[in-house]
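Chemist: after the sequence you'll find the predicted model.
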Amino acid sequence: MGNKKIIAVVGATGSQGGGLARAILNDPDGDFKVRAITRDATSDAARELKNSGAEVVEANVEDKDSLVKAFKGAYGAFCVTFFWEHFSPEKEKQNAKNMADAAREAGLKHVIWSTLEDTRKWVTLKDNRMPTLMEKYKVPHFDAKGESDQFFINSGVPYTLLLTSFFWDNFINFGMGPQKGEDGKLAITFPLGDSKLPGIASEDIGKSAYAIFKAGDNYKNKTVGIAGEHLTGLDMATSFSKAFNQTVNYHAVAPSVYRSFDFPGADDLGNMFQFKVDFEEDFRKPRDVEFTRKLNPELLTFDEWLQKNKDAIEI
Ligand SMILES: NC(=O)c1ccc[n+]([C@@H]2O[C@H](COP(=O)([O-])OP(=O)(O)OC[C@H]3O[C@@H](n4cnc5c(N)ncnc54)[C@H](OP(=O)(O)O)[C@@H]3O)[C@@H](O)[C@H]2O)c1
């Protein structure tokens, strides 16, 4: 027990980090133990982790010194930012820099950075197919993560850039689940046409991250993409219909229509889906499902994820 390597997990009370924390806790004979990072060690989620055997440490990604303390003595760290808490790409970049700097100062041996593409490598700001947002971004919550890759690459700490996929959990807690339309029928709405969207259970992101740490040097200084399945809107609607035993349609809208929806970040997400459609091949290619399943044999398909989670989806 004493020789176990510590993995410090940012966002341990949340989706991706929680998946990693549970993966480590569920492998008591493994070589790793978890240090769960939270802003509030007294919260229910933090206490639950503690009761399950995790070390729980307080730190804030906005405060580099707190991260250095939280990373000290650890072998590795899982780093993630929280765009939807503040909607600020500038903040996200600063938070990522804080984590990369703290990883270097703490002398970590492996950091996994949960990232996404900087879409401006494909769609320059002058490209009018989609509006430029916040003056210098096309998909702010992607671009800020992709731009932040440099902090980790330049940190001198062995890193893995983990390209994640659309969380199927968005159907539960991001308001993307089936909704009744004016025709009284249930539908999911995406500006995806008939393109395939790589998706994943957020729990599987954590399990995949654990496999990357366990693989030692194999994925150090590399980019690793993961997905559970690549599915069209119609594929997902068909799965919903089966799971709920009632028809769920796929309502395909134009990206411009999606951007105009009345919820915060609709423009960012409209651009994101358009990027995924316009550069479908480039987006899907690094997120290989068979590779992900080798990494994490427990990887769920969408149907399996739905069976486990359908009761949490309000229709
Ligand atoms: N939804 C998707 O489809 C999708 C796909 C790819 C990538 N992403 C990205 O995933 C990221 C969010 O990851 P997630 O969904 O795993 O997060 P999450 O479930 O929202 O978890 C956030 C956790 O992080 C902690 N946290 C929040 N602010 C913090 C801070 N300032 N310092 C330290 N900890 C903080 C909170 O814990 P405490 O309250 O305990 O501190 C919270 O439990 C976003 O940046 C998003 O863009 C999402």
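Modeler: Nice, thanks for sending it over.
Chemist: rest of the way, CA atoms for contacts and neighbours
Modeler: Noted.
Chemist: can you tell me the closest non-neighbouring residue to Ile226?
Modeler: Arg287 (4.6 Å; C-alpha to C-alpha, 6 or more residues apart in numbering).
Chemist: what pLDDT does the model give that neighbour?
Modeler: At Arg287, the pLDDT value in this model is 98.
Chemist: and what of Asp183?
Modeler: We have a pLDDT of 89 for Asp183.
Chemist: same thing with the one 4 residues further on?
Modeler: Ala187 is assigned a predicted lDDT (pLDDT) of 98.
Chemist: who does it bridge with?
Modeler: As for beta bridges, Ala187 partners with Gln179, Asn249 under DSSP bridges.
Chemist: same check, this time on Arg35
Modeler: Applying DSSP bridges, one finds that Arg35 bridges with Ala8, Glu55.
Chemist: circling back to that earlier point, doesn't Lys196 make contact with the residue nearest to Ile226?
Modeler: No: with contact defined as C-alpha atoms under 8 Å, Arg287 and Lys196 do not form a contacting pair (11.9 Å).
Chemist: any idea which helix or strand carries Phe275?
Modeler: In this assignment (DSSP states H and E), Phe275 forms part of helix 266-278.
Chemist: swap in Ala74?
Modeler: Using DSSP H and E, Ala74 falls within no helix or strand.
Chemist: can you give me the strands in the stretch 151-300 of the chain?
Modeler: For the stretch 151-300 of the chain, applying DSSP state E, counting those that start in this stretch gives strands covering 159-163, 166-167, 179-180, 186-190, 197-200, 222-225, 229-231, 248-252.
Chemist: any chance of those strands in CSV, plus distance to the ligand and mean neighbour count?
Modeler: Formatted as CSV, the strands of the stretch 151-300 of the chain follow (distance: least, C-alpha to the nearest ligand atom, whole Å; neighbours: other C-alpha atoms under 10 Å):
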stretch, distance to the ligand, mean neighbour count
strand 159-163, 8, 25
strand 166-167, 4, 18
strand 179-180, 18, 15
strand 186-190, 13, 21
strand 197-200, 8, 24
strand 222-225, 11, 19
strand 229-231, 13, 20
strand 248-252, 18, 21
